[in-house]
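1. sequence below, structure please.
(2 chains)
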Amino acid sequence: EAGVTQSPTHLIKTRGQQATLRCSPISGHTSVYWYQQALGLGLQFLLWYDEGEERNRGNFPPRFSGRQFPNYSSELNVNALELEDSALYLCARSLGEQFFGPGTRLTVL
Amino acid sequence: LAKTTQPISMDSYEGQEVNITCSHNNIATNDYITWYQQFPSQGPRFIIQGYKTKVTNEVASLFIPADRKSSTLSLPRVSLSDTAVYYCLVGDRTNAGKSTFGDGTTLTVKP
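-> Next comes the predicted model:
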């Protein structure tokens, strides 16, 4: 959707496990933004990567981390999963006119 | 960070014009105002962006008064498919951490 792909579409984990989510922006876009959207709530900024570097992070604990690869794709890792981590995780390219991927629905049981 | 406030929900009928207002009293000089549409379990879709005065594209208009403390998204002649959540985003185009999404307005279009 709009030049951003995310995988997997759905992910089911149990408490304490680790989750890895992936995002690939369209070629030529160096920035990747991660957001968390809990059910029925708005978008909360998680992380911003640009040119392989973490540029900014939102108000989330350190167990939320990520990285950006040389091809500008990105991974979001969530360690020691908690029930409240269940949410739609969205990745976006660009900032001024952000284009979002379809998201990964993470369910923690 | 500029805090944004939007109505929680709005109802409308097909063919009507819908105006959704977002308040952002402490908007900064470098901040832009962007509106997104989101359907359930999908990523938000960009609608329109502006800095001041009026911006119009093929799907919507954005009105921003001189003091920039609020903005109004105008959707002309809505249809049932416009039923969605609409988010106002105010922020610095160069730093995602300085951008704030509102809580969203759920627009329900009735036949």
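
2. residue ranges in chain B under the pLDDT threshold?
-> B:1-2, B:93-99 (pLDDT under 70).

3. try it again at 80.
-> For chain B, the stretches with pLDDT under 80 are B:1-2, B:92-102.

4. mind listing the strands for it?
-> For chain B, strands defined by DSSP state E occupy the ranges B:9-13, B:18-23, B:31-38, B:45-50, B:53-56, B:61-64, B:70-75, B:84-92, B:100-101, B:105-110.

5. same for the shortest one, what does it pack against?
-> Strand B:100-101 sits against strand B:84-92, with contacts defined as 3 or more C-beta pairs under 8 Å, 6 or more residues apart in numbering or on different chains; DSSP states H and E. C-betas here are computed from N, CA, C, even on glycine.

6. now the longest one
-> Judged by 3+ C-beta pairs under 8 Å, 6+ apart, the packing partners of strand B:84-92 are strand B:18-23, strand B:31-38, strand B:70-75, strand B:100-101, strand B:105-110.

7. mind running it again at 6 Å?
-> If contacts are counted by 3 or more C-beta pairs under 6 Å, 6 or more residues apart in numbering or on different chains; DSSP states H and E, strand B:84-92 sits against strand B:31-38, strand B:100-101, strand B:105-110.

8. that strand vs strand B:45-50, what angle?
-> 50 degrees (axes from the mean of the first three to the mean of the last three C-alpha atoms, to 10 degrees).

9. tell me the most buried of the helices and strands packed on strand B:84-92?
-> Counting by mean count of other C-beta atoms under 10 Å in any protein chain shown, strand B:31-38 has the highest mean neighbour count of the helices and strands packed on strand B:84-92, with a mean of 23.

10. now that strand, how far from the chain's geometric center?
-> Its chain's C-alpha centre and that of strand B:31-38 lie 5 Å apart, by C-alpha atoms, centre = their mean, to the nearest Å.

11. these two touch, right, B:Thr105 and B:Tyr86?
-> Yes: counting by C-beta atoms under 6 Å, B:Tyr86 is a contact partner of B:Thr105 at 4.9 Å.

12. anything in contact with each of the two?
-> Taking C-beta atoms under 6 Å, 6 or more residues apart in numbering or on different chains as the criterion, B:Thr105 and B:Tyr86 both touch B:Ile20.

13. just send the helices and strands packed on strand B:84-92 back as CSV, with distance to A:Ser86 too.
-> Compiled in CSV, these are given as follows (distance: least, C-beta to C-beta, whole Å):
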stretch, distance to A:Ser86
strand B:31-38, 18
strand B:100-101, 19
strand B:105-110, 21
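
14. quick one, what contacts A:Glu82?
-> Listed by C-beta under 6 Å, 6+ apart, the contact set of A:Glu82 is empty.

15. would you mind measuring from it to chain B?
-> 22 Å (C-beta to the nearest C-beta, to the nearest Å).

16. repeat for A:Leu88
-> With C-beta to the nearest C-beta as the criterion, A:Leu88 and chain B are 7 Å apart.

17. surely that residue meets A:Arg105?
-> Yes: between A:Leu88 and A:Arg105 there is a contact under C-beta under 6 Å: 5.5 Å.

18. more crowded one of those two?
-> More neighbours surround A:Leu88 than the other of A:Leu88 and A:Arg105, with 21 against 17 (other C-beta atoms under 10 Å in any protein chain shown).

19. understood, closing this out.
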